[in-house]
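Asker: Please work out how this folds:
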Amino acid sequence: MLELLPMVFAAPGEALAGAEKVLGGRPTPLHASVAHQVIGMWQRDFGDLRLALTHLRRARDWAARADSAEREADVLGTLGVALVHAGRTRQGMDALSRGVARCTGHTRARVLFRRAYAWWVLGHHKEALEDVRRAITVLRQVDDVIWTARALTLRATVHLALGAVERAEADFTAAEALWDTTGQEHDKADAVESRGLAAFRSGDVPAALRLLDEAEERYAELGTPTFMLDIRRCEVLMAAGLASEALAGADAAVKALDGIGGQPTRKAELLLAAARAARLTDDPQTAIARAALAVRLFAGQRRTWWETHARLVLIEARHSAGRGSGRLVAEAAAVADRLAALGAPTAPEASLLAGRIALDLGWTADAERHLAVAARSRRSGPPLARLTGWAAQALRAQAAGSARGVLEACRRGLDVLDDHRMTLGASELRARATAQGAELAALAQRASLVSGGPRRLLVWSERWRATALSTPPTRPPADPALLSGMTAYREIAARAEQARRDGRAVPALEREQRRLEREIRSRTLHVRGTATDGRGRFDVGERFDVGRLLRRLSDSGDVLLVELAVLDGRVQVLLCGQGRVRRFEAGRLAAAETEAEHVQAGLRRLAHPGAQARLPVVEAAGGRLEELLLGPAAAHLGTGPLVVVPPGRLHRVPWALLPSLRDRVFSVSPSASGWLRARETAPTPGGRQVLVRGPGLATGGAEVAELAGRYGGAHVLEEDDARVERVLEELDGAELAHIAAHGEFRADGPLFSSLRMADGPLIVHDFERLGRSPYRIILSCCDTARFASVGADELLGLVTALLPLGTAGVVACSAPVNDAAVVPLMLALHKGLDTGLSLAEALRDARACLPGDAVHRATGWSFSAFGAA
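Answerer: So this is what the prediction gives:
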C-alpha cells in the first residue's frame, strides 16, 4: 500500500486511481490513511487545494486511529505544506513542527525536507538550508535515492534564490544523477525545470527556454499542470525582452489556477510576475493593480521575502506612473534595507530606484547615498545585475555633472549587455534584449551632446542602434523537428489561405497554424549565440568610427549621410559628410509618427484608381513630414546622393515623398554602421540572377517574363517551380534576385512575415537559413519594407533579415501598391541596373519614367532602396 506514495510523482494518474480504488473497499485505518494522503498530495499539487486539505485531514485522523506515530508524522508533513500553500502559514508550520517532533530517523528526515520546502515557499532561506542539510545527512545514510534527490533539488533552488549559482548547479547535477536511476517521471520533469532555472540564473537564456519547454512537454505527458513552471517561464521571457508574452502567460495561469481552486501561494507569485511584466511593457496601472494584490496576499500568507519583492515592484510602478514623492523615496530605501537583510540579490535594484526618485526630486545628497550602494553591484554577478550597478554609476556621474563619468559608466554597462546579448542566437531575442540598455544609451547621448558635440552624439547614437544587424543570427543546427515543423506550417498556411480566398471559415486550420508558429519560434529561441572572437569572447562587431564613415562617404562621391537621433522626444538631425558632422534640431518625434501614419493612409488610397483628388493632400503631408524630420537641415542637403538613417519608430516613412528627396538619389539604412558594412560587401564572384514569380498576382508577375528575356542566363522559378526549398536553394549566393510575390507583414510575429510561394509562405525564418543571401534583392511586393520596432532601436522584418546575411542592397515597399503600376517601375529599375547604376540611382530614374497620375506616383513613392549596392 505504501508504494502508492512515491507513485504520485512517478505516475500521478495511476496513483490517484489506485488510492480511490482502495477507498472504494473496506481499508484498514493504515491503508485508508495512505489512500487519503495520496489523493491529498495529488489535489495539492495538481488540483483543488480545498479538496487536498479535506483528504489530508482525513489521512491524519486515520493515522491516529492506526496508532502509528510515524504514519501520523508523515501525514502532518504533507498537511503542513498544503496549509502553507493555502495561506494558513501559522497552522502549516505548527503541523510541520509537530510532525518533526513525533518521529525519528528516516521519517523525521522526510518531514524535515517538507519543512525546509515550506521555509523556502515562505522565503526563509536560512531556515530552509538548515532543515534540508539535516535531512540530506540522514537520507544519504539510509540510501533513500528519491528523497535525497528531492532534497538536493530543493537545496539548489534555495541557493539560486540567494544568488549562489555554482552551489546550485552542483546540487542539481548530483540530483539529476540520482533521478536517472529512478522511475519518478514527475520528479524528473521537475529536475529539468530546475536546470532551466539554473541556466537562467547563470545568464544562458536560450538554454533556459529550451529546458523549460522540455519540462512542459514532460508535464503534459503526465497530465500534471505545474504553475511554478509558468512563474519561471515569465522570469526568463522578461529577461529575453518578451515582457508582453510574460504578462499574457502570467494572467492566463492565474485564471487557470483560480479555475481549479489551486494554491493561493502560487497565485500570489504569478501576480508578482504579472506586475513585473506589466511594468516592463510600460503599463504602470496594470503593474500597480497586480503588485498591490500580490502584496496583500503575501502579507496574509506571512511571506516577508515575497512581500518585500512585491513592494519593490509596486514602488517601481508608482514611480513609472509619475507618483514620485519623498514618501516613495523612504519606502524604496526601506525595501532596499529589508532586501539586503534578507540576502536578496535584488537589493541593488531597490537602492537604484530610491536614488532615481531622489534625483527626480532634486535630493542629490540622498540620491548619491542610495546610488552608491546600488553601484557596488557593477563589479560582479550575472549580467543584468551588473547592468543595474552601471546604471547607478551613470546616474551618480550625471548628478555630479561629470559627462566623462556618465559616458564611461554607459560604455561599461552596454559592454556587459553586449556580452549577454550575444549569447542569444535568435535575431528576435538579440533585438529585444537591447531594451535593457535603452536608459544607458539615452544618458550617454545627452552627455555626449553636452561634452563632445555632434560627432560624439553620432558615436553614441550608433552605439545602440540596429545592433542585431551587426552579426548574422546563429543558424540552428540541422534540426529535423524544426524543418519538419516549417514544412507542416507552410502546408497548413497555404491551405488556410486558399480556404479564405474561397470564402470558407477555417478555425481548425488557423489553430494548427498558430500551434506550429509557436513550435517553430520556440525552437528558434533555443539557439545559443556562437559568434566569438579569437579570444573566445562573443564578437559584437566592429566599433563605429566616425572618421572611417566620413572617409567612405567622401570616397563614394561626396555622399551625405543623415542620421536622425531622438533626444527627449525631439528629432536631432546629424548631417555627415564633407569631413564633418553637423547637428540640426527638427520636430517632435510623436508628431512625426502621427504624420507618417496619415501619409501611409493617403498612399493606400492612391493605390486605387479614382483617388486623383487626394494627390495634393498627400504631397502636402509629405512637406509637413519633412519639416518635422529634417527641419533646417533640409536646406543643407545639397544635390548629391544621400543616405537616410532613421530611428526604428520612423520605419514607415515613405522617404521618397519628402520634397527634398523626391528627385534625389537616396538610400535608407537602419544604421550608419550598417551602411558601411553594406558598402564594403563584395558581390559573390560569378553570381547568378534569379527571378521568382509567386502565385495569385493581379498582373501574373508580368515583369518576370520580360526580365527573363533581358537576363538570358537567369534562373527563373515560376508556377510549381516557385516552391520554398527550391527558391532558397537558388537565392543562396545569388548576385541579383527579383521576387514578384504577394507579401504579408505580421505585426504580431514579424519573423513570420512572408512572401507567398507555390507551396505556401516563404517566411523570415526561412531566409535566416541561407548561407549567404543575394548581393542585391528586389522585392516587388506590398509591405516588404514594413518592420516591427522592438528593443531600444531595433527592427524585425524581411529586409532586416537579409542585411546581416550578405545582402548589400534591397529594394522593397512600405505600403500596399497597385500591382499593375509596379510592373513599369520594376522594368525601368532593371533597365537602370543594366547600365551599371546602383539600386538607389536606378530607382530614382525609374520613378521619373512613370506616368504622372496618382496611382503611378504613389507606387514610386512607396518603394525605397536599402543598403548601399
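Asker: residues touching D732, list them.
Answerer: By C-beta atoms under 8 Å, 6 or more residues apart in numbering, the contact list for D732 reads L770, G771, R772, S773. (C-beta placed from N, C-alpha, C; glycine too.)
Asker: now swap in R432 and tell me
Answerer: R432 neighbours (C-beta under 8 Å, 6+ apart): A240, G241, L242, V790, G791, E794.
Asker: hmm, try it at 7 Å
Answerer: Counting by C-beta atoms under 7 Å, 6 or more residues apart in numbering, R432 touches A240, G241, L242, V790, G791.
Asker: If we ignore the residues flanking it in sequence, what's nearest L803?
Answerer: Take L803 and drop its neighbours on the chain: the residue closest to it by C-beta to C-beta, 6 or more residues apart in numbering is L469, 5.4 Å away.
Asker: any idea how far the one you found is from V121?
Answerer: L469 sits 45 Å away from V121, taking C-beta to C-beta, to the nearest Å as the criterion.
Asker: And G852, by the same measure?
Answerer: Using C-beta to C-beta, one gets 73 Å for the distance from G852 to V121.
Asker: okay, those two: which has more neighbours?
Answerer: Higher neighbour count among G852 and V121: V121, with 22 against 7, using other C-beta atoms under 10 Å.
Asker: Show me the contact partners of the helix or strand hosting the more buried one.
Answerer: Secondary structure assigned from DSSP states H and E places V121 in helix 105-122. Outside helix 105-122, the residues that touch it by C-beta under 7 Å, 6+ apart are 70, 73-74, 77-78, 80-81, 84, 89, 92-93, 96, 99-100, 103, 127-128, 131-132, 134-135, 138-139, 142, 144, 147, 150-151, 154, 157-158, 265, 302-303.
Asker: Which elements pack onto the helix or strand harbouring H309?
Answerer: Using DSSP H and E, H309 maps to helix 304-320. Counting contacts by 3 or more C-beta pairs under 7 Å, 6 or more residues apart in numbering; DSSP states H and E, helix 304-320 packs against helix 264-280, helix 284-300, helix 326-342, helix 347-360.
Asker: Okay, buried residues for the last one please.
Answerer: By neighbour count on 16 or more other C-beta atoms under 10 Å, the buried set for helix 347-360 is 347-359.
Asker: how big is the angle separating that helix from helix 304-320?
Answerer: Angle of helix 347-360 versus helix 304-320, following axes from the mean of the first three to the mean of the last three C-alpha atoms, to 10 degrees, is 30 degrees.
Asker: Can you classify T681 by secondary structure?
Answerer: Per DSSP: H, G, I helix; E, B strand; the rest coil, the local secondary structure of T681 is coil.
Asker: who touches it in this structure?
Answerer: Per C-beta under 7 Å, 6+ apart, neighbours of T681: G806, A808.
Asker: Return the distance of it relative to R279.
Answerer: For T681 relative to R279 (C-beta to C-beta), the value is 41 Å.
Asker: Now do the helices in the stretch 401-550 of the chain.
Answerer: In the stretch 401-550 of the chain, the helices defined using DSSP state H, counting those that start in this stretch lie at 403-421, 427-433, 438-451, 453-463, 480-501, 507-525, 546-555.
Asker: Low-confidence bits of the stretch 401-550 of the chain, can you list those?
Answerer: Along the stretch 401-550 of the chain, the parts satisfying pLDDT under 70 run over 475-478, 530-542.
Asker: Next up, the contacts around G579.
Answerer: Counted by C-beta under 7 Å, 6+ apart, G579 has contacts L550, S554.
Asker: please redo it, this time with the cut-off set to 10 Å
Answerer: Residues near G579 by C-beta atoms under 10 Å, 6 or more residues apart in numbering: G547, L550, R551, L553, S554.
Asker: Please pick the buried ones from the residues you listed.
Answerer: Using 16+ other C-beta under 10 Å as the burial test, the contacts of G579 include L550, L553 as buried.
Asker: Quick one: residues contacting G259.
Answerer: G259 neighbours (C-beta under 10 Å, 6+ apart): D48.
Asker: returning to that earlier point: so which of the contacts of G579 comes closest to N818?
Answerer: Distance to N818, by C-beta to C-beta, is smallest for L553 among these, at 35.6 Å.
Asker: So what's the predicted local confidence for the closest residue to T148 other than its chain neighbours?
Answerer: Of all residues not flanking T148 in the chain, L139 sits nearest, at 4.4 Å (C-beta to C-beta, 6+ apart). pLDDT for L139: 96.
Asker: how many other residues sit next to L139?
Answerer: By other C-beta under 10 Å, neighbour count at L139 equals 24.
Asker: buried set for the helix or strand hosting it?
Answerer: If you go by DSSP H and E, L139 is part of helix 125-141. Buried residues in helix 125-141, counted by 16+ other C-beta under 10 Å: H125, E127, A128, L129, D131, V132, R134, A135, I136, V138, L139.
Asker: Would you convert these into a markdown table that also reports distance to A341?
Answerer: Output for the buried residues of helix 125-141, formatted as a markdown table (distance: C-beta to C-beta, whole Å):
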| residue | distance to A341 |
| --- | --- |
| H125 | 12 |
| E127 | 15 |
| A128 | 16 |
| L129 | 16 |
| D131 | 21 |
| V132 | 22 |
| R134 | 24 |
| A135 | 26 |
| I136 | 27 |
| V138 | 31 |
| L139 | 31 |
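Asker: nearest to A10, of those?
Answerer: Using C-beta to C-beta, L139 comes nearest to A10 of the buried residues of helix 125-141, at 17.8 Å.
Asker: for stretch 256-275, how far is the first residue from the last?
Answerer: 18 Å (C-alpha to C-alpha, to the nearest Å).
Asker: Just the buried residues of it, please?
Answerer: So for stretch 256-275, counting by 16+ other C-beta under 10 Å, buried means 257, 262-275.
Asker: cool, and stretch 584-595?
Answerer: Buried-residue list, stretch 584-595, by 16+ other C-beta under 10 Å: F584, A586, G587, L589, A591, A592, E595.
Asker: Filter the contacts of helix 105-122 down to just the buried residues.
Answerer: By neighbour count, with 16+ other C-beta under 10 Å, the contacts of helix 105-122 hold 70, 73-74, 77-78, 80-81, 84, 89, 92-93, 96, 99-100, 103, 127-128, 131-132, 134-135, 138-139, 144, 147, 150-151, 154, 157-158, 265, 302-303 as buried.
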